[in-house]
Each structure stands twice: as structure tokens, then as C-alpha cells.
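> What follows is a protein structure lacking sequence information:
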């Protein structure tokens, strides 16, 4: 999946403070699912949040943005 295709399905959010947080891609159809850009360790972490119930679930770290996007879309 190229960046143009990513932008149709996800919204890119740059970190306000890159020293403290990472950039992320947020799934447009479900903003509780994100792809965290793990710059320090490399790779992309797929996360799911439920703010109403107060939980977060890690769905794995992937080597490529394409594989992370596929995992996020499968949730």
C-alpha cells in the first residue's frame, strides 16, 4: 500500500512533541485503531483503544507500514 492509498483509509497525525510521543496513522472508519510509528525501535505498532472502558490493546509490531495497515484493517 502506497502513501496515497494510506491517506484514503487513514489520517496521519504528527507528534506534537517527538521527544515524548510518536507519529501515528488513525483509521478513518474507526479512530480507536491506530498505527504508531516507532521511530526509536523501528517498525509500526498497531493499537486499539476504548476510551469509554479505559483500555488499550497492542495488536503487534510490524516491520513495514503496509503489513501494519493490513493488520489494522483486519480488526
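Sure, I can see it. Keep in mind that this is a model prediction, so the values were computed, not measured.
> mind listing the strands in the chain by residue range?
10-13, 24-27, 33-37, 44-50, 55-62 (DSSP state E).
> Sheet-wise, list the partners of the first one with their directions.
When pairing is defined by DSSP bridges, strand 10-13 lines up against strand 24-27 (antiparallel).
> Pull out the buried residues from the partner strand.
24, 25, 27 (16 or more other C-beta atoms under 10 Å). C-beta: built from backbone N, CA, C; applies to glycine.
> quick one on the thing from earlier: wait, which of the strands of the chain is closest to residue 73?
strand 24-27 (7.4 Å; C-beta to C-beta).
> next one: the closest one to chain centre, how far?
Here strand 24-27 shows a centroid-to-chain-centroid distance of 4 Å under the convention C-alpha atoms, centre = their mean, to the nearest Å.
> Also stretch 29-36?
With C-alpha atoms, centre = their mean as the basis, stretch 29-36 stands 6 Å off its chain's centre.
> likewise stretch 45-55?
Between the mean C-alpha point of stretch 45-55 and the mean C-alpha point of its chain there is a distance of 12 Å (C-alpha atoms, centre = their mean).
> Repeat that for stretch 41-54.
For stretch 41-54, the distance to the chain centre is 7 Å (C-alpha atoms, centre = their mean).
> before we move on, what about stretch 26-39?
3 Å.
> what helices or strands is the top helix by length along the chain leaning on?
Ranked by residue count, the top helix of the chain under DSSP state H comes out as helix 65-74. Judged by 3 or more C-beta pairs under 8 Å, 6 or more residues apart in numbering; DSSP states H and E, helix 65-74 is in contact with helix 3-9, strand 24-27, strand 33-37, strand 44-50, strand 55-62.
> Now the last one: buried residues?
The reference is to strand 55-62. By 16+ other C-beta under 10 Å, the buried positions in strand 55-62 come out as 59, 61, 62.
> what does the first one give?
Going by neighbour count (16+ other C-beta under 10 Å), the buried part of helix 3-9 is residue 6.
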